[in-house]
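Peer 1: no FASTA, just this:
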């Protein structure tokens with residue numbers, strides 16, 4: 001990085017960000033706090049040479065708008081891995097000024113652990129998928145509230161599917177006190193609105209998955225539909241960024257944690273680090289396919305008898321993750337896949 005004139009570390013917060021500017025020799029030329037709004041960020045960064053400067057920002061909840069704005073100004077921006085950065089740069093004194101300085105210093109000395117930044121089209125895909133997941137979660141809460149009202153009134157549904165056509169008719173016509181009737185009506189109206197929003201999102205998801213070749217491949221896996229396929233694709237991004245299936249399994253948090261002391265090595269529960277969304281999608285796919293006769297479900301059922309449901313799901317999800325690595329690397333559907341040698 002001999003042509004770099006400035007290393008800029010940014011400690012980002014919701015309303016403000018603290019910035020440290022450092023030269024190649026490690027001399028700090030500026031440390032200041034600025035408002036986290038588009039005008040002030042642009043005014044600050046326009047002072048510096050966008051071709052000769054490097055910017056580091058920690059991965060926080062609101063890193064995306066900052067990253068996209070500064071990148072659009074022509075700067076090279078890297079996203080630091082917060083967990084690994086704290087492990088390397090442990091300091092007794094912790095404040096915004098120190099944190100931004102550490103980011104700049106680690107970047108200058110080429111010791112900054114960085115996180116992968118997915119392309120904008122994948123980030124947009126991820127936003128679409130998570131919208132659907134959030135709406136489904138909110139709809140489930142409303143359904144639970146309706147069950148709670150029935151529990152309070154002592155009424156039981158005459159049908160198994162409470163939120164099907166017959167169940168909705170029962171809920172609409174149920175004779176209860178005025179306060180509970182009004183509560184049920186509000187929940188039912190909210191439920192109808194959620195159903196409408198989710199249907200629109202599912203139409204968009206199906207359309208997007210149909211146009212993506214990787215998603216078409218993933219949909220050949222038993223238990224994987226357009227939504228799950230798009231979830232997996234949006235979390236993985238470019239499969240070539242993983243050197244092997246073990247790396248992908250690690251990213252999904254499906255590998256066991258390891259404890260080593262002297263000559264003793266023992267393994268514990270899975271790490272659960274990385275993408276919780278990918279891990280959930282893989283486990284859901286295993287659960288959905290357990291009634292089908294395929295290599296994953298057979299493996300799951302066999303292991304379930306000896307290890308129990310929980311461990312069997314995790315192991316089957318890890319196996320499926322390795323299969324997906326092979327499929328996306330070789331561009332082969334599930335029924336034809338042949339595992340590739342790890343690079």
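Peer 2: It's in. Since the structure is predicted, the reported quantities are computational estimates derived from the model, not experimental observations.

Peer 1: From here on, just use CA atoms for contacts and neighbour counts.
Peer 2: Fine.

Peer 1: is it true that residue 150 touches residue 156?
Peer 2: Yes - counting by Cα atoms under 8 Å, residue 150 touches residue 156, with 6.7 Å between them.

Peer 1: quick one, which of those two is more surrounded?
Peer 2: Between residue 150 and residue 156, residue 150 has the larger neighbour count (other Cα atoms under 10 Å), namely 18 against 11.

Peer 1: quick one: buried residues of the helix or strand where the more buried one lies?
Peer 2: In this assignment (DSSP states H and E), residue 150 forms part of helix 120-153. By 16 or more other Cα atoms under 10 Å, the buried positions in helix 120-153 come out as 122-123, 125-126, 128-129, 132-133, 135-136, 139, 142-143, 146-147, 150.

Peer 1: That helix - contacts with which helices or strands?
Peer 2: helix 178-210, helix 226-236 (3 or more Cα pairs under 8 Å, 6 or more residues apart in numbering; DSSP states H and E).

Peer 1: how many degrees apart are it and helix 226-236 in direction?
Peer 2: In terms of direction (axes from the mean of the first three to the mean of the last three Cα atoms, to 10 degrees), helix 120-153 departs from helix 226-236 by 130 degrees.

Peer 1: Can you list the low-confidence ranges for the protein?
Peer 2: Where the chain drops to pLDDT under 70, the residues are 1-2, 86-94, 257-268, 336-343.

Peer 1: How about the contacts made by residue 172?
Peer 2: 184, 185 (Cα atoms under 8 Å, 6 or more residues apart in numbering).

Peer 1: I'd like the distance from it to residue 165, if you could.
Peer 2: Separation of residue 172 from residue 165 (Cα to Cα, to the nearest Å): 11 Å.

Peer 1: Look up which helix or strand residue 19 falls in, please.
Peer 2: Counting by DSSP H and E, residue 19 is part of strand 16-22.

Peer 1: Name the surrounding residues that touch the helix or strand following that strand.
Peer 2: Using DSSP H and E, the next helix or strand after strand 16-22 towards the C-terminus is strand 28-35. For strand 28-35, the external contacting residues (Cα under 8 Å, 6+ apart) are 15, 16, 17, 18, 19, 20, 21, 22, 23, 40, 41, 97.

Peer 1: The same query, at a cut-off of 6 Å, please.
Peer 2: 16, 17, 18, 19, 20, 21, 22 (Cα atoms under 6 Å, 6 or more residues apart in numbering).

Peer 1: could I get the residues you listed as a markdown table with neighbour count and distance to residue 317?
Peer 2: Output for the contacts of strand 28-35, formatted as a markdown table (neighbours: other Cα atoms under 10 Å; distance: Cα to Cα, whole Å):
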| residue | neighbour count | distance to residue 317 |
| --- | --- | --- |
| 16 | 14 | 41 |
| 17 | 21 | 40 |
| 18 | 22 | 42 |
| 19 | 28 | 42 |
| 20 | 27 | 44 |
| 21 | 25 | 45 |
| 22 | 22 | 46 |
